[in-house]
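Enquirer: Dropping the sequence and predicted coords here.
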Amino acid sequence: MPELPEVETTRRGISPWLTGRTITGVTVRRQALRWPLPDLATLLPGRTVQQISRRAKYLLLACDAAGTLLIHLGMSGSLRILPIDTPPQTHDHLDIRFGSHCLRLRDPRRFGAVLWTDTPPDQHPLLRHLGPEPLSPAFHTNYLYASTRQRRTAIKTVLMDGKVVVGVGNIYATEALYAAGIHPNRAAYRIARVRLDRLVAAIRQILSAAIDQGGTTLRDFQQEDGKPGYFRHQLQVYGRTGEPCYRCQTRLRMQRIGQRSSAYCPHCQH
DNA sequence: AAATTCTCCTGAAGGC
DNA sequence: TGCCTTCAGGAGAATT
């Protein structure tokens, strides 16, 4: 399920193929994902992709001065670069063609989104209230400390709240809390500053390492060339419920926190 | 304001 | 083997 490292991996993969290229055509096989698609056949052909950036889990394709295409991969989306004559498979919803190749969006569960904005993307309603990027200087210990003092809910829920910090989903929240020795269900406001310092560092370190590994592939995620991400092999707790903790050998447990399954070590995390 | 619940969807896994 | 049920999960929307 694409979280920040998977989206960033995708961005880095497709960027060299698309930047500076002119879109020659579009094939829309399904007119709505999470929301109806914009009229891409009118908006895109003839536009040149200036750059591809990322905000939270959104990919932003800047198209000339005309506007920006926003793509969200939901939980099962992937983007690939393929020759335009590659037969589409089930759930291949959209091709954006540029010469002999196309950017193909596949999303079995259709939780993803494709949107268009002709104003600066940071002002888009879905982006304007987002918290800081976890790998930016704006995400620091004092910020997280201030953001958690009034929050009595589980720290894991807070980490996955995009208004606090973006890009951290179930996998990396689970891993970061283990690395920092914090119980995922601990009330956020009851975590001391020094422990939040460790948590900030863990989030940064884990996200960076995951990007270096091309993200985590559990089932659906693939890079632009079809290869999986390799961070799955570095996961310490996610998906390991019932197996021994790598540090202390205690059996890892699982709890539902905010509708999400959360693995943790009852000995190492408090 | 913060917290909780509901919702979208498909494929995999488990039960019988 | 096959049919049915359950579940996972990003995150906006609705509700309390």
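Expert: Sure thing, it's come through.

Enquirer: what are the bridge partners for the residue lying closest to residue A:59 once chain neighbours are set aside, then?
Expert: For residue A:59, ignoring the flanking residues on the chain, the nearest one in space by CB to CB, 6 or more residues apart in numbering is residue A:71 at 4.4 Å. For the C-beta atoms, the positions are set from N, CA and C on the backbone; glycine is no exception. Beta-bridge partners recorded for residue A:71 (DSSP bridges): residue A:59, residue A:114.

Enquirer: In chain A, which residue is most central in space?
Expert: Centroid-nearest residue in chain A: residue A:3, 2.4 Å away (criterion: CA atoms, centre = their mean).

Enquirer: so what's that residue closest to, chain neighbours aside?
Expert: Nearest residue to residue A:3 in three dimensions, chain neighbours excluded: residue A:169, at 3.8 Å (CB to CB, 6+ apart).

Enquirer: what's next to stretch A:165-175, contact-wise?
Expert: Under the criterion CB atoms under 8 Å, 6 or more residues apart in numbering, residues A:1, A:3-5, A:7, A:55-57, A:130-134, A:139, A:144, A:156, A:159-160, A:176, A:184, A:202-203, A:206-207, A:210, A:216, A:218, A:235-238, A:260-264 lie in contact with stretch A:165-175.

Enquirer: That stretch and DNA strand B, are they touching?
Expert: No - shown here: stretch A:165-175 not in contact with DNA strand B (CB under 7 Å from any atom of the strand), separated by at least 12.9 Å.

Enquirer: The stretch 151-270 of chain A: helices as residue ranges?
Expert: Ranges of helices in the stretch 151-270 of chain A, per DSSP state H, counting those that start in this stretch, are A:155-159, A:170-180, A:193-212.

Enquirer: same deal with the stretch 1-150 of chain A?
Expert: For the stretch 1-150 of chain A, the helices defined by DSSP H, counting those that start in this stretch cover A:4-18, A:40-43, A:141-148.

Enquirer: To DNA strand B, which of those lies closest?
Expert: Nearest to DNA strand B among those is helix A:141-148; the distance by CB to the nearest atom of the strand comes to 8.3 Å.

Enquirer: Return the closest one as CSV; C-alpha atoms alone will do.
Expert: Extracted in CSV, the C-alpha atoms of helix A:141-148 (Å, rounded to 0.1, in the frame of the first residue of the first chain):
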residue,chain,number,x,y,z
THR,A,141,10.6,17.4,18.0
ASN,A,142,9.1,20.6,19.3
TYR,A,143,6.6,20.6,16.6
LEU,A,144,5.4,17.1,17.4
TYR,A,145,5.5,17.9,21.1
ALA,A,146,3.2,20.9,20.5
SER,A,147,1.0,18.9,18.2
THR,A,148,0.4,16.1,20.7
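
Enquirer: helices or strands next to that helix in the packing?
Expert: helix A:155-159, helix A:193-212 (3 or more CB pairs under 8 Å, 6 or more residues apart in numbering; DSSP states H and E).
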